[in-house]
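Enquirer: Dropping a prediction and its sequence here:
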Amino acid sequence: MTTLITIPVYYTQQYKTKEDKTLFLGLNWFRNAFFHQQNQVKRDMHELLQPQLKHISPMPEKYSVSYFYYYKSPVSDLPNVGPMASKWLMDTLQELRIVLNDNVKCLVEEHYYVAGKDTENPRIEAILTSLPTNYTHKQSKDFL
């Protein structure tokens with residue numbers, strides 16, 4: 001089974017008394033954000049991802065995820081934004097009981113790719129793939 005999930009990389013923080021602020025959701029933001037803001041973004045991401053995932057049946061124990069980054073600015077970096085998308089997706093998958101866990105026994109492959117530029121809709125598209133239970137882990141020597 002393979003499923004495509006879209007994860008935004010920008011988030012608009014809304015305020016009652018001041019102008020709204022758009023945030024780029026990468027590790028730099030996460031490091032500097034106040035925990036209340038982090039929790040609000042996490043809740044909103046879960047709400048956004050859940051409708052895309054509700055139709056998915058629980059997966060067997062082993063699975064992989066590939067992330068395709070459509071960037072707005074060519075100076076953004078994939079290692080900054082990819083892990084945040086992974087964290088929100090994995091938490092939501094576990095919350096909905098689609099996957100058992102995101103530990104190394106279950107999530108056995110995770111790949112990140114730069115897919116191209118999209119100034120109108122920057123995002124990460126994730127492809128979730130179930131793997132056979134007899135899947136064997138790859139080692140670095142397998143790629144040499």
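Expert: Arrived safely, thanks for sending. Residues are numbered from 1 along each chain as shown.
Enquirer: mind checking the longest strand of this protein?
Expert: Secondary structure of the chain per DSSP state E: the longest strand is strand 107-117.
Enquirer: Now do the helix or strand following that strand: everything it contacts.
Expert: Proceeding N to C from strand 107-117, the next assigned helix or strand is strand 123-130, under DSSP states H and E. Residues from elsewhere that reach strand 123-130, judged by CB atoms under 8 Å, 6 or more residues apart in numbering: 1-9, 56, 59-60, 62-70, 81-82, 85, 89, 93, 115. The C-beta positions use only the backbone N, C-alpha and C, and glycine is treated the same way.
Enquirer: Any buried residues in strand 123-130, and which?
Expert: 123, 124, 125, 126, 128, 130 (16 or more other CB atoms under 10 Å).
Enquirer: what's the most distant pair in those?
Expert: Spatially, the most separated pair among the buried residues of strand 123-130 is 123 and 130, at 23.2 Å (CB to CB).
Enquirer: and of the buried residues of strand 123-130, the nearest to residue 33?
Expert: Using CB to CB, residue 124 comes nearest to residue 33 of the buried residues of strand 123-130, at 18.7 Å.
Enquirer: ok, so what distance separates the residue nearest to the spatial centre of the chain from residue 136?
Expert: Nearest residue to the geometric centre of the chain (CA atoms, centre = their mean): residue 85, 2.5 Å. Residue 85 is 27 Å from residue 136, where distance means CB to CB, to the nearest Å.
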